[in-house]
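1. fold the following.
(one chain, ligands or ions: 1)
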Amino acid sequence: MAIEVVSQEEIDEQNEYINKLSSLVAGKKYYLMTMGCQLNENDSEKLAGMMTKMGYIETSNIEDADLVVFNTCCVRENAENKILGHLGILKSIKKHRKDMIIALGGCMAQEPNMIEKFKKNHGQHINIIFGTHNMYKFPELLYKAVMENKKITDIWEIDGNIVEGLPIKRESDVKASVTIMNGCNNFCSYCIVPYVRGRERSRTVEAIIKEIKALADDGVKEVTLCGQNVNSYGKDLTPSVTFAELLTEVTKVDGILRVRFVSPHPKDFSDELINVIKENEKVCKVIHLPLQSGSSKILKVMNRKYTKENYLALVEKIKNKIPKATFSTDIIVGFPGETEEDFLDTIDVVEKVKFDSAYTYVYSPRVGTPAATMDNQIPEEIKTDRIGRLIEVVNKGLEEQNEKLVNTIQKVLVEGKSKTDENMLTGRTDGGKIVNFEGDCSLIGKMLELKIEEQRKWYLKGKLL
Ligand code: SF4
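-> Sure thing, here's the model as predicted:
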């Protein structure tokens, strides 16, 4: 199946709307809230790019904004509560600020039940609702909302085409996320993503390399290749391309010093990919390998297509081939039917692998997914108990891993000033560990060797050599 790309004419049409809006909104302020994964963050950088090109200026104060944009995520229930809370606050602000425009986009907007909920409770305040497939049409929707003063809902149920060439406002000058594919074909039974992001669609190698070369020309040193399941990259291209082949091409871009990627699926982590990670110095040796559960029984019901034994064997294989490799992961506790024994299987995997970091979640049912209607849902108090116990084990492993780095020399890419201490700089090791150290701003963007002096659980303290 040939992958369709949005035509240049359509992109030009949106650029015309951007130009038309610039005379109307220049100098006005926008507030953008982003929830969820790195793909959503990358989409937000494009929304910010479009708004900046229109002449809007970013504000971090929502009450001050003329345009408020929520780029939502629907993977967890608390995101929904957060958005409803913000809309509640904006309701009273809009009483005095009738010209404030509120736009809601992203994954939640692709869920019919959520749209209904938003419209029922806040319909009179939300000006624009747009989906994940037509985000590139945001300038047109905004223009119509401004000029025609009407409420717009534009959600596409069909999978959107690949979009190239949108303006983009990057969060960092040193590192950047690059989306290499959209959608997912896996249908894990708890996950809403395949329903709201559609089937897998890969960007071409040429388009990705062009974007990364432009980033390198702008001084970016590190790129993270993002997709819901990067192992599937390129299967839909003609001729097909493997993710390992793409990764190899990316490492050839001059100026790029480091390459990371999220997320691979353990079920199809190929030997070819392991070899590329091993052989290529630029590819970071921290591997994000979502576990979700350590119980083979639960993994089967989750439709993950690997067992506890497969997962541990894969980790072992990677460790044997790449002794420096470290691992990060995602884990869900309290999935329907999870017994204490199943939970202990998860703890067992965590203790065996010793993850460098783990994103831990309590299962929350998402309407429209098979797991939401399973009748053996786990009571909240059990979920709370299990997440507490899991975090304890994860943190213990994390500190042990950190401890191993104390008194070693690590290569650190300096990303900027520390968020918690103005006088410190911050960067990351190859393994993704945050290192704070004293130094001046001229070091930002440089790859330095630092001696690690202390570990403080969430970060390391280093010293310039
Ligand atoms: S691989 Fe599974 S968890 Fe990941 S996006 Fe696809 S369906 Fe969701």
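
2. so which bits of the stretch 101-250 of the chain are right by the ligand?
-> 184, 186-188, 191, 193-194, 228-229 (CB under 6 Å from any ligand atom). C-beta here means a position set from N, CA and C on the backbone, and glycine is covered the same way.

3. I'd like these as JSON lines, with distance to residue 89 and pLDDT appended.
-> Supplementary listing: those in JSON lines, determined by distance: CB to CB, whole Å; pLDDT from 0 to 100:
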{"residue": "184", "distance to residue 89": "33", "pLDDT": "94"}
{"residue": "186", "distance to residue 89": "37", "pLDDT": "95"}
{"residue": "187", "distance to residue 89": "36", "pLDDT": "96"}
{"residue": "188", "distance to residue 89": "34", "pLDDT": "97"}
{"residue": "191", "distance to residue 89": "30", "pLDDT": "94"}
{"residue": "193", "distance to residue 89": "28", "pLDDT": "91"}
{"residue": "194", "distance to residue 89": "33", "pLDDT": "93"}
{"residue": "228", "distance to residue 89": "32", "pLDDT": "93"}
{"residue": "229", "distance to residue 89": "36", "pLDDT": "93"}
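
4. if I look at residue 3, what pLDDT would I see?
-> Per-residue confidence at residue 3 stands at 66 (pLDDT).

5. quick check on the residues of the stretch 101-250 of the chain next to the ligand: which are buried?
-> For these, burial is judged from neighbour counts taken by 16 or more other CB atoms under 10 Å, and it is met by 184, 186, 188, 191, 193-194, 228-229.

6. between those residues, which is closest to residue 352?
-> Distances from these to residue 352 were compared by CB to CB; the smallest belongs to residue 188, at 22.6 Å.

7. kindly report the domain assignment for the protein.
-> 8-154, 177-267, 285-404, 409-464 (automatic domain parsing).

8. now residue 327, which residues is it bridged with?
-> The residues paired with residue 327 through beta bridges, assigned by DSSP bridges, are residue 287.

9. that one reaches residue 285, doesn't it?
-> No. Residue 327 lies out of contact with residue 285 (CB atoms under 8 Å); the separation is 9.9 Å.

10. pipe the domains of the chain into JSON lines and attach distance to residue 166 per row.
-> What follows is the domains of the chain, written out as JSON lines (distance: least, CB to CB, whole Å):
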{"stretch": "domain 8-154", "distance to residue 166": "5"}
{"stretch": "domain 177-267", "distance to residue 166": "11"}
{"stretch": "domain 285-404", "distance to residue 166": "26"}
{"stretch": "domain 409-464", "distance to residue 166": "24"}
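
11. please name whichever of the ones you listed is nearest to residue 165.
-> The minimum distance between residue 165 and the domains of the chain falls on domain 8-154, with 5.3 Å, by CB to CB.

12. run the chain-centre distance for the closest one.
-> Taking the mean C-alpha point of domain 8-154 and that of its whole chain, the gap between them comes to 19 Å (CA atoms, centre = their mean, to the nearest Å).

13. quick one, phi psi at the residue nearest to residue 53 when sequence neighbours are not counted?
-> Spatial nearest neighbour of residue 53, chain neighbours left out: residue 167 (4.7 Å); criterion: CB to CB, 6 or more residues apart in numbering. Backbone dihedrals for residue 167, given as degrees, to the nearest 10, come out at phi -60, psi 150.
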